[in-house]
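Chemist: need a 3D model of the sequence below.
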Amino acid sequence: MSLLPESASFEELVQDYFLAVRGAGLMLSALDTALVTAWAQEGVPFEVVARGISRSAEKALWDARPGEPVLRSLRACRRQVETEIRKYRDLSAGQGEAAEARTSSKKRPARSWEEVRHARLCAALRALTERETALAPRVHRLLDTVLACVPHEPAAMDQQEAWALMALLRALPFPERRTVWRDARTGEQQLMTARARRVARRFRLQAAVRRRLDMKET
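Modeler: Okay, the predicted model is just below:
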């Protein structure tokens, strides 16, 4: 999700992603930095925190005025990020309990964070075929190929979802694709670095596709 080197710290990854999605700023405030440090101590993957940031930003994106940052501070994402952290930790704990249970019974194992996200994405795509029948062939192909396997790590789940959204974008008629691209570019900040601009553009494009397809909760 980030274009920083693999050696970048958790804190650097979160700062880089937030500022890119926000569309403005070069560094975090002292209060926001303290919040990132607290999240780092939770020991969850960067992608879990990034998902909370992107979900918060996506909800705010369509209400932001032209030229305004999508989010005023990282603290605005706190509730959503901590919800994602709690989900991840609860599901991870459930997997551990399920592994112990399998030694003494045939109880069905708990699903992982990635399995829950994958199931929600597949369900959203199946629901999409009822609203957009013209997209049904593309959706069925995605379910049989790109989404045939459940990823085993957060970064792979993010990539899988991105591939699915881009495939659906390409399946739209050209005038609609052009509208989605235009919506994604609205509010783009020219003072951002090239790297941050790519991250921001990818976030806005995926948000615009979900908005067009009414798939906001995947």
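
Chemist: please report how far D144 lies from A127.
Modeler: Distance of D144 to A127, computed by C-beta to C-beta, to the nearest Å: 17 Å. C-beta: built from backbone N, CA, C; applies to glycine.

Chemist: so for the two, which residue has more residues nearby?
Modeler: The residue with more neighbours, out of D144 and A127, is A127; 14 against 9, by other C-beta atoms under 10 Å.

Chemist: pLDDT weak spots in the chain?
Modeler: 1-6, 25-26, 64, 66-67, 94-109, 187-193, 217 (pLDDT under 70).

Chemist: nearest spatial neighbour of G52, skipping sequence neighbours?
Modeler: Spatially, and ignoring its direct neighbours in sequence, G52 is nearest to V81 (3.1 Å; C-beta to C-beta, 6 or more residues apart in numbering).

Chemist: an error on my part: the question was meant for A119.
Modeler: Closest to A119 by C-beta to C-beta, 6+ apart is R111, at 7.3 Å.

Chemist: the residue nearest to G52: what's it in contact with?
Modeler: W39, V49, G52, I53, S56 (C-beta atoms under 8 Å, 6 or more residues apart in numbering).

Chemist: number of nearby residues for the last one?
Modeler: Neighbourhood size, S56 [other C-beta under 10 Å]: 23.

Chemist: before we move on, what about the fourth one?
Modeler: For I53, the number of neighbouring residues by other C-beta under 10 Å comes to 25.

Chemist: what does it show for phi and psi?
Modeler: phi -60, psi -50 (degrees, to the nearest 10).
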